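S.K.: need a structure here:
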Amino acid sequence: MSKAKWQELNQQYHSGFFGTNANVDDPKWVQRLENQKDAIVKLATLKILSKDKPWVDWGAGDGKLSDLVLKDAGMSLLKYDKYVGKGTLGFLSYKELKAQKYSFVITTSVFEHVRSIEP
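M.R.: Model prediction:
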């Protein structure tokens with residue numbers, strides 16, 4: 001499958017549930033994000049996660065995890081997604097992503113984007 005076709009397939013699939021609280025293929029999706037948010041907040045509160053540098057959700061999808069962290073804990077988790085966030089308000093561009101270092105990078109639900117094990 002070509003890279004363009006793969007990107008189109010990913011976009012079609014994800015657009016079916018992004019911006020909602022339901023995913024028929026992953027009914028516990030939002031609960032998993034809530035659990036991840038709780039873990040991030042607890043680790044930060046215990047000072048296990050440093051806040052010296054920004055945090056980023058690499059492969060943020062529609063940004064729901066970042067939004068939960070901000071809404072429920074007032075903590076900023078920047079958003080980057082090569083496929084979904086491009087040109088979207090509130091998402092880092094690739095150039096912005098590469099321009100800084102991070103104290104914490106989380107990446108979840110990105111396995112479906114991996115086309116091969118080759119670098």
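
S.K.: which parts of stretch 9-22 are buried?
M.R.: 14, 17 (16 or more other Cβ atoms under 10 Å). From N, CA and C alone the C-beta is placed, and that goes for glycine too.

S.K.: Straight-line length of it, end to end?
M.R.: 19 Å (Cα to Cα, to the nearest Å).

S.K.: what separates it from the chain centre, distance-wise?
M.R.: Relative to the mean C-alpha coordinate of its chain, stretch 9-22 is positioned 14 Å out (Cα atoms, centre = their mean, to the nearest Å).

S.K.: Name all residues that make contact with residue 29.
M.R.: By Cβ atoms under 8 Å, 6 or more residues apart in numbering, the residues touching residue 29 are 17, 22-23, 109.

S.K.: Which one of those residues is nearest to residue 65?
M.R.: Nearest to residue 65 among the contacts of residue 29: residue 109, at 9.0 Å, using Cβ to Cβ.

S.K.: ok, back up a step: greatest separation within the contacts of residue 29: which pair is it?
M.R.: Farthest-apart pair in these is 22 and 109; separation 14.9 Å (Cβ to Cβ).

S.K.: which stretches of this structure have low pLDDT?
M.R.: 85-87, 111-119 (pLDDT under 70).

S.K.: Okay, buried residues for the top helix by length along the chain please.
M.R.: Longest helix in the chain, counting residues (DSSP state H): helix 29-45. Under the neighbour-count criterion of 16+ other Cβ under 10 Å, helix 29-45 has 29-30, 33, 36-37, 40-41, 44 buried.
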